[in-house]
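Asker: 3D, please:
(one chain, ligands or ions: 1)
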Amino acid sequence: MSWDKKSWIEKKVQPHLDLVQPIKNDGETVSNGKLWSLKKEIFIYEYIQPYVTIFRSDKNHFQRWCYFDPFSGSGMYGLQISGQTVKFPGSPLLTYSRHEKYSFSDYYIADGKKKNRDALATRMETLFPKNGLDYHYSNFSESVKYFDTLDRNDDAVLAIIDPPGFSQIPFQDVQQILEFPTVDVFLTVMTSGIQRNLDVPDAHDALTSFFGDEKWEKLGHAENIVEEYKTRLESATKKKIEKIEIFMENQKIYDLFYVSGNAIARKILHYIASKLEKIQLNDLTSIVSMQSPDVKTLFDFEGFNQSEKSP
Ligand SMILES: C[S@@+](CC[C@H](N)C(=O)[O-])C[C@H]1O[C@@H](n2cnc3c(N)ncnc32)[C@H](O)[C@@H]1O
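Answerer: Next comes the predicted model:
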């Protein structure tokens, strides 16, 4: 059976473009995004429906299924495509846009920058009036205390850990999250940022905090550091971590780790990941340039690989 990559991407990107139309010129702060973020956002959005369906099912006996997004951003990021800025919704908007059918029992949403927290609150109120959510202004380590308030037997959590770099995620905080009995996680690991900082004296302590100790110094390359980081987290938390690698041209930008506490959910994650792995950034550019009402010039999408064999 062949897979129609072009229409798959179109279908996946359309809800993102639609969601921001009412707020795209609201004058609030817009983060500068990069095209490679879009794969991560598609992954998160596509997972909300299966996650909620599985974890609220009576069969799984959870009292609550909670959404944890401690690096929530301002709610909107802009991508430069064919000379225009195209706006996209960030993780909390994407997740909450599904709340009518796929609602979480609780939403913990926070950002370490007040301006982003405030912009997000305004946007959520515009799109989903009277939603009653709280938006925290707090740094990651503070946010992780949320896990102390949860019930380790009866609650399940979906955690989106999406820092701008590696210095914001101390090892013990990530470990605490992964040690929660039923936690599904997306974790962005900025491999390219680690590589750039290996020989920067000022980054030494941040790398040590990220890795958990100074042994990263002996590993030489960011690829080895990230692989060892994954192994360490796995053995500290007894959880299996999967990953997809996000490249731009031939350069690795980041590794996206994902974890699930449910076997069916894991299969679904693998399936989405297998599709995302076949998508080049040029494919996204060409499709967004055709779909977005904000792009006037069509991107020349020579080389677009329309269909591929399914695995
Ligand atoms: C990559 S962006 C998050 C994007 C968001 N997940 C989305 O989908 O649009 C990273 C965010 O982390 C925030 N941030 C940076 N350092 C932080 C920290 N130590 N604790 C919490 N938030 C932090 C930044 O203000 C920024 O909004």
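Asker: what is the helix or strand hosting Tyr271 packed up against?
Answerer: In this structure, Tyr271 sits in helix 263-276 according to DSSP states H and E. Packed against helix 263-276, as judged by 3 or more CB pairs under 8 Å, 6 or more residues apart in numbering; DSSP states H and E, are the following elements: helix 35-56, strand 242-248. Where you see a C-beta, it was placed from the backbone N, CA and C, and this is true even at glycine.
Asker: out of the ones you listed, nearest to the ligand?
Answerer: Checking these against the ligand by CB to the nearest ligand atom gives helix 35-56 as the closest, at 5.8 Å.
Asker: what residues sit buried inside the helix or strand following that closest one?
Answerer: The helix or strand immediately downstream of helix 35-56 is strand 64-69, counting by DSSP H and E. Across strand 64-69, burial judged by 16 or more other CB atoms under 10 Å covers Trp65, Cys66, Tyr67, Phe68, Asp69.
Asker: for stretch 48-56, same thing?
Answerer: For stretch 48-56, the neighbour count (16+ other CB under 10 Å) marks Ile48, Pro50, Tyr51, Val52, Ile54, Phe55, Arg56 as buried.
Asker: near the ligand, which residues of the stretch 1-150 of the chain?
Answerer: Along the stretch 1-150 of the chain, the residues adjacent to the ligand under the rule CB under 6 Å from any ligand atom are 41, 70-73, 77, 90-91, 111-113, 116, 139-140.
Asker: okay, and which of those map to strands?
Answerer: Under the assignment DSSP state E, those contribute Tyr77, Asp111 to strands.
Asker: out of the residues of the stretch 1-150 of the chain next to the ligand, flag the one nearest to Tyr271.
Answerer: For those, the residue nearest Tyr271 by CB to CB is Glu41; the value is 17.4 Å.
Asker: just to check, the closest one is in contact with Thr95?
Answerer: No. Using CB atoms under 8 Å, Glu41 makes no contact with Thr95, being 10.3 Å away.
Asker: who's more crowded, the two?
Answerer: When Glu41 and Thr95 are compared for neighbours, Thr95 comes out ahead with 25 against 21, by other CB atoms under 10 Å.
Asker: residue contacts, that one?
Answerer: Ile44, Tyr45, Ile48, Tyr67, Asp69, Phe104, Tyr107, Ile160 (CB atoms under 8 Å, 6 or more residues apart in numbering).
Asker: make a markdown table out of these and add pLDDT.
Answerer: Formatted as a markdown table, these follow (pLDDT from 0 to 100):
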| residue | pLDDT |
| --- | --- |
| Ile44 | 98 |
| Tyr45 | 98 |
| Ile48 | 98 |
| Tyr67 | 98 |
| Asp69 | 98 |
| Phe104 | 98 |
| Tyr107 | 98 |
| Ile160 | 98 |
